[in-house]
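>>> Whatever this is, show me its structure:
(4 chains)
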2 protein chains.
Amino acid sequence: MNSVAEMQQQHINRSSGLPLYLQIYELLRRRITSDEWQPGDMLPTETALLEKYDVSRATVRQALDALVQEGLIYRERGRGTFVAHPTVEQGLVRIVSFTEDMRQRGFEPGTEVLSVGLVQASEEQARALQVPVGEELVHIERLRLADNEPMSIEASFLVHRLCPNILSHDYAVLPLRDALENDYGIRMESATQTIRAFNASPRIAQKLGIRKSSAILVIERISRSQYGVPVEFLQVYHRGDRYVLYNELRG
Amino acid sequence: MNSVAEMQQQHINRSSGLPLYLQIYELLRRRITSDEWQPGDMLPTETALLEKYDVSRATVRQALDALVQEGLIYRERGRGTFVAHPTVEQGLVRIVSFTEDMRQRGFEPGTEVLSVGLVQASEEQARALQVPVGEELVHIERLRLADNEPMSIEASFLVHRLCPNILSHDYAVLPLRDALENDYGIRMESATQTIRAFNASPRIAQKLGIRKSSAILVIERISRSQYGVPVEFLQVYHRGDRYVLYNELRG
DNA sequence: TAGTGGTCTAGACCACAAA
DNA sequence: TTGTGGTCTAGACCACTAA
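Next up is the predicted model:
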């Protein structure tokens, strides 16, 4: 099953035109995101890496720098380089799945699929995904539970053209991000989102088990692939009485 | 008046123990934050910098890398390195004043002081500011306007001990941050905040001119000084129908 | 064509952590 | 003392931009 890790290329290609440090970055990144290397594990030393890939130390460090900047690893002088532990702070800086998010908050996550199907892009959706109005979109609506209590409703819209047949999975179990990456090689690499408060509509209030008109924290997110193409338009309705965002700022 | 720029040291100290790239980074950073170099201005080329400071190109690039990462500059291959234009995206990463925030959104900001005085720290406030319950706090409550329409209510709590006499200013005009920095040498350098949605209390609804129970976006922020001491506990109630937060995420 | 930033090499010395 | 990451040098060739 662990096909990504098994198929993993262990060498770099000096004639591919792709910068060496990027190739090394990708190789290391995959080892981390595939969970082959766990949080706290020590990475090979810089010396070991430069020997393995036959590059200079500066090139190895450039690859590691990118991973540090991404928050995936951290360095300790005199000790080594280690896989980072995910932190809550990442909530407003990195794309985090509901499952990860809830685990970090100490809740047991659950999912109930409300509806799945194809729809034609509305004007709002078309604008978000940069496709023509009417383009075929995959629509997945899920109720998200925390410790078996409703926490959020997630409405996801994907460009069907980019991921045909994605509907054959069971999204109560399989994270959407994994399906996109494994089946279509699409990685959600960046996103923009807006956060606002609004009063729950009767339908949303009923699904979330709260009083009509209760305050809802709405997050709308447009995720783009590694090629910069919009892939998903996500609308999340969080219960205002249960869900709090947290982040850190600099002066 | 431009004392910072004038007093600016233009050389690096090779025996200070401070890494050369950090010294260059600081010098360049000051030129940008002091507005000596404006957004869009081209920085000296890497070659010019390495000659000026008599270091290797790698050292210059390390200094520039830090500025790029901070979002203060950007590079264009074949063209040069330029001072970045501030972006809205910084809203969720940097501490931004209401005034700056509104200007970026294209609104004309306004302020009305609702109340000013000393209070004794409640349990919540004491926990946030890490002081004993009952400690004397400065309390400033302001109504914030955008294009003359109510947008938010800000309730600010400061540790009085750290800024005695701060109440002698008029906070409809003077930004709190400026008063802290100019009069007490306190710079708000980092902060943590939470974001949630809740239903407006009758009092808040009335002040904001919205219907009772309308959805409000609440931001609570604890700001710390350059010494890591909590200085301000801020509660902001934004109108859900007018205020939207925006930010960018990475995969 | 000249000048810019992007990538890369093959070294070097250092501060720090752990044995 | 050994091995780690932190800093730094003095080059090199490349792709891209603009004149």
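>>> Past the lowest-mean-pLDDT helix or strand in chain A, which element shows up next along the chain?
Taking mean pLDDT, DSSP states H and E as the measure, chain A has helix A:3-7 as its least confident helix or strand, at a mean of 37. Using DSSP states H and E, the helix or strand that directly follows helix A:3-7 along the chain is helix A:20-33.
>>> For that next one, buried residues please.
In terms of neighbour count (16 or more other Cβ atoms under 10 Å in any protein chain shown), helix A:20-33 has its buried residues at A:L20, A:Y21, A:Q23, A:I24, A:Y25, A:E26, A:L27, A:L28, A:R29, A:R30, A:R31, A:I32. All C-beta atoms are positioned from the backbone trio N, CA, C, and that covers glycine.
>>> okay, these in CSV with distance to DNA strand D and pLDDT next?
Below are the buried residues of helix A:20-33 laid out as CSV (distance: Cβ to the nearest atom of the strand, whole Å; pLDDT from 0 to 100):
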residue, distance to DNA strand D, pLDDT
A:L20, 12, 92
A:Y21, 13, 94
A:Q23, 16, 93
A:I24, 14, 93
A:Y25, 15, 93
A:E26, 19, 89
A:L27, 16, 93
A:L28, 12, 94
A:R29, 16, 90
A:R30, 19, 89
A:R31, 15, 91
A:I32, 14, 90
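>>> which of those lies closest to A:N13?
A:Q23 (6.8 Å; Cβ to Cβ).
>>> can you pull the contacts of that closest one?
A:I12, A:N13, A:S16 (Cβ atoms under 8 Å, 6 or more residues apart in numbering or on different chains).
>>> Just the buried ones from those?
Judged by 16+ other Cβ under 10 Å, buried ones among these: A:I12.
>>> quick one: which of the contacts of A:Q23 is nearest to DNA strand C?
For these, the minimum distance to DNA strand C (Cβ to the nearest atom of the strand) is 8.5 Å, reached by A:I12.
>>> So the residue of chain A at minimum distance from DNA strand C: helix, strand or coil?
The minimum distance from chain A to DNA strand C, using Cβ to the nearest atom of the strand, falls at A:G78 (2.6 Å). Following DSSP: H, G, I helix; E, B strand; the rest coil, A:G78 is assigned to coil.
>>> what's the neighbour count on it?
A:G78 is flanked by 4 other residues according to other Cβ atoms under 10 Å in any protein chain shown.
>>> Output the below-cut-off pLDDT ranges for chain A.
A:1-9, A:87-94, A:250-251 (pLDDT under 70).
>>> How is it partitioned into domains?
A:3-83, A:88-239 (automatic domain parsing).
>>> Dump these to a markdown table, plus distance to B:L145.
Output for the domains of chain A, formatted as a markdown table (distance: least, Cβ to Cβ, whole Å):
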| stretch | distance to B:L145 |
| --- | --- |
| domain A:3-83 | 38 |
| domain A:88-239 | 19 |
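>>> Most tightly packed of the ones you listed?
Among these, domain A:88-239 has the highest mean neighbour count (mean count of other Cβ atoms under 10 Å in any protein chain shown), at a mean of 17.
>>> Where does A:T194 fall, secondary structure wise?
Taking DSSP H and E as the criterion, A:T194 maps to strand A:188-199.
>>> Return the distance of the residue sitting nearest the centre point of chain A relative to B:Y53.
Nearest residue to the geometric centre of chain A (Cα atoms, centre = their mean): A:I95, 4.3 Å. Using Cβ to Cβ, to the nearest Å, one obtains 39 Å as the distance from A:I95 to B:Y53.
>>> which residue sits closest to the residue nearest to the centre of chain A, ignoring its sequence neighbours?
B:L249 (4.9 Å; Cβ to Cβ, 6 or more residues apart in numbering or on different chains).
>>> Identify the bridge partners of that neighbour.
Counting by DSSP bridges, B:L249 forms beta bridges with A:A191.
>>> you'd agree it is up against A:I195?
No: with contact defined as Cβ atoms under 8 Å, B:L249 does not reach A:I195; the gap is 11.6 Å.
>>> residues touching A:A197, list them.
Residues counted as contacts of A:A197 (Cβ under 8 Å, 6+ apart) are A:215-218, A:240, B:197-198, B:215-218, B:238, B:240.
>>> what do you get for A:Q120?
A:V133, A:G134, A:E135, A:E136, A:L137.
>>> can you redo the residues you listed as a markdown table with secondary structure and distance to DNA strand D?
A markdown table is the format used below for the contacts of A:Q120 (DSSP: H, G, I helix; E, B strand; the rest coil; distance: Cβ to the nearest atom of the strand, whole Å):
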| residue | secondary structure | distance to DNA strand D |
| --- | --- | --- |
| A:V133 | coil | 33 |
| A:G134 | coil | 35 |
| A:E135 | coil | 31 |
| A:E136 | strand | 35 |
| A:L137 | strand | 34 |
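>>> Can you tell me which of those residues comes closest to B:E149?
When the contacts of A:Q120 are compared against B:E149 (criterion: Cβ to Cβ), the nearest one is A:V133, at 32.7 Å.
>>> I'd say the closest one and A:A126 touch.
Yes: the criterion here is Cβ under 8 Å, and A:V133 meets it with A:A126 at 4.4 Å.
>>> about what we covered before: now the element after the strand holding A:T194, going C-ward?
Sequence-wise, the next helix or strand downstream of strand A:188-199 (DSSP H and E) is helix A:202-208.
>>> residue ranges of the helices in chain A, please?
A:3-7, A:20-33, A:46-53, A:57-69, A:98-104, A:123-129, A:176-184, A:202-208 (DSSP state H).
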